[in-house]
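In: Below is the structure, and that's it, no one-letter string:
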């Protein structure tokens with residue numbers, strides 16, 4: 001029996017079924033690049049629809065969801081065969097989304113229509129359309145599933161939507177052109193990046209869910225023009241000790257101490273760094289670099305970039321399979 005189990009395990013490993021994968025959406029190339037997260041080699045590239053941007057995975061990692069912005073739909077792929085299985089109704093121009101941790105629903109920002117569309121991933125139907133500010137983009141869901149946050153680029157607000165009745169309960173004014181929102185794993189704090197404002201807003205969350213803006217974090221890099229310091233993607237470690245912020249055309253990722261909220265370092269990456277994702281154990285952080293057409297792999301413990309890998313044309317989003 002032990003021999004049979006060992007043989008089965010070896011066959012699975014040989015087939016690549018146990019290997020981790022990173023999926024990168026290439027906005028201009030209309031493709032998805034797949035990387036092996038052990039070797040960092042490109043496995044394949046497949047068609048992702050027209051202007052693929054936001055990208056995420058089902059909780060078990062078997063399904064890949066892609067915002068095909070110019071197709072006005074969400075395309076769903078098998079993460080092993082890369083076959084497109086079906087599409088989900090998304091509303092016009094889906095850009096970013098967030099999936100409930102149960103696997104449904106999917107909360108989608110519709111940039112052109114000033115809506116957040118709530119889509120049931122099981123029945124493939126729209127549950128609600130929530131009017132928000134102008135040019136919605138960033139999406140986040142609280143760890144307790146009670147709140148979905150949308151950031152509106154032109155209204156300069158973070159909208160807190162109840163998942164019970166899909167109504168906005170709170171609005172927080174932030175700096176110009178908010179692009180991304182990220183909760184800490186314990187739900188006590190939310191970070192919102194403002195691309196043109198050049199800051200990250202720190203929003204503390206009370207036990208009843210009430211948000212309060214408490215601080216704004218700015219950035220300064222010697223030799224880099226202030227207007228190039230454009231925060232976009234934000235990722236926090238699970239213990240909250242580090243907050244990483246992609247600074248767009250500054251070609252750097254800022255490292256923020258989670259306790260003091262001070263910027264402690266800047267990591268040089270590729271050109272126009274946009275979105276980021278951790279590997280499951282948070283050993284590595286991947287960045288998408290739109291102008292250099294590559295991704296950078298950052299060693300999280302060392303807080304250093306260790307490798308860059310060429311992908312498709314204008315990489316935008318990245319999602320990594322869970323353990």
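Out: Received the coordinates, thanks. Fair warning: this is a prediction, and the values are worked out from it, not measured in the lab.

In: In contact with residue 233, which residues?
Out: The neighbours of residue 233, taking Cβ atoms under 8 Å, 6 or more residues apart in numbering as the test, are 179-180, 193, 245-246, 273-276, 287. Backbone N, C-alpha and C define where each C-beta goes, glycine included.

In: How about residue 159?
Out: By Cβ under 8 Å, 6+ apart, the contact list for residue 159 reads 116, 132-133, 136, 149-152, 168, 170-171.

In: So it lies in a helix, does it not?
Out: No - according to DSSP: H, G, I helix; E, B strand; the rest coil, residue 159 belongs to no helix; its state is strand.

In: Check what pLDDT it gets.
Out: Per-residue confidence (pLDDT) for residue 159: 98.

In: what pairs with it across the strands?
Out: Beta-bridge partners for residue 159, by DSSP bridges, are residue 150, residue 171.

In: Next: residue 194.
Out: When assigned by DSSP bridges, residue 194 has beta-bridge partners residue 178, residue 199.

In: next one: residue 304
Out: In beta-bridge terms (that is, DSSP bridges), residue 304 pairs with residue 299.

In: would TSV of the contacts of residue 233 with pLDDT and neighbour count be doable?
Out: As requested, those are exported to TSV (pLDDT from 0 to 100; neighbours: other Cβ atoms under 10 Å):
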residue	pLDDT	neighbour count
179	97	24
180	98	26
193	98	29
245	99	29
246	98	28
273	98	30
274	97	24
275	98	28
276	98	25
287	98	28
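
In: So which of those residues is the closest to residue 58?
Out: Top of the list for closeness to residue 58, among these and by Cβ to Cβ, is residue 275 at 18.7 Å.

In: Quick one: residues contacting that closest one.
Out: By Cβ under 8 Å, 6+ apart, the contact list for residue 275 reads 180, 232-233, 246, 287-288, 316-318.

In: and if we set it to 10 Å?
Out: 24-25, 53-55, 96, 179-180, 232-235, 246, 286-290, 295, 315-319 (Cβ atoms under 10 Å, 6 or more residues apart in numbering).

In: Check these for burial and list the buried ones.
Out: The neighbour count (16 or more other Cβ atoms under 10 Å) marks 24-25, 53-55, 96, 179-180, 232-235, 246, 286-290, 295, 315-319 as buried among the contacts of residue 275.

In: all strands for the stretch 201-323 of the chain, in order.
Out: In order along the chain, the stretch 201-323 of the chain carries the following strands (DSSP state E, counting those that start in this stretch): 211-217, 234-236, 242-246, 252-257, 263-268, 273-278, 284-289, 294-299, 304-310, 315-320.

In: Out of those, flag the one nearest residue 63.
Out: Judged by Cβ to Cβ, the one of those that comes nearest to residue 63 is strand 315-320, at 10.7 Å.

In: Quick one: mean pLDDT over the closest one.
Out: Here the average pLDDT along strand 315-320 is 98.

In: Check which strands are paired with that strand and give the direction for each one.
Out: Partners of strand 315-320 in the sheet, by DSSP bridges, are strand 21-26 (antiparallel).

In: which intervals of this structure have sub-threshold pLDDT?
Out: Within the chain, the segments meeting pLDDT under 70 span 1-18.

In: can you give me the helices for it?
Out: 2-15 (DSSP state H).

In: Around residue 255, how many other residues sit close by?
Out: The number of residues packed near residue 255 is 18, by other Cβ atoms under 10 Å.

In: count of neighbours near the nearest residue to it once chain neighbours are set aside?
Out: In space, and not counting its chain neighbours, residue 255 is closest to residue 265: 4.2 Å by Cβ to Cβ, 6 or more residues apart in numbering. By other Cβ under 10 Å, the residues close to residue 265 number 13.

In: re the thing from before, among the strands of the stretch 201-323 of the chain, which is nearest residue 111?
Out: Short answer: strand 315-320, nearest of the strands of the stretch 201-323 of the chain by Cβ to Cβ, at 13.2 Å.
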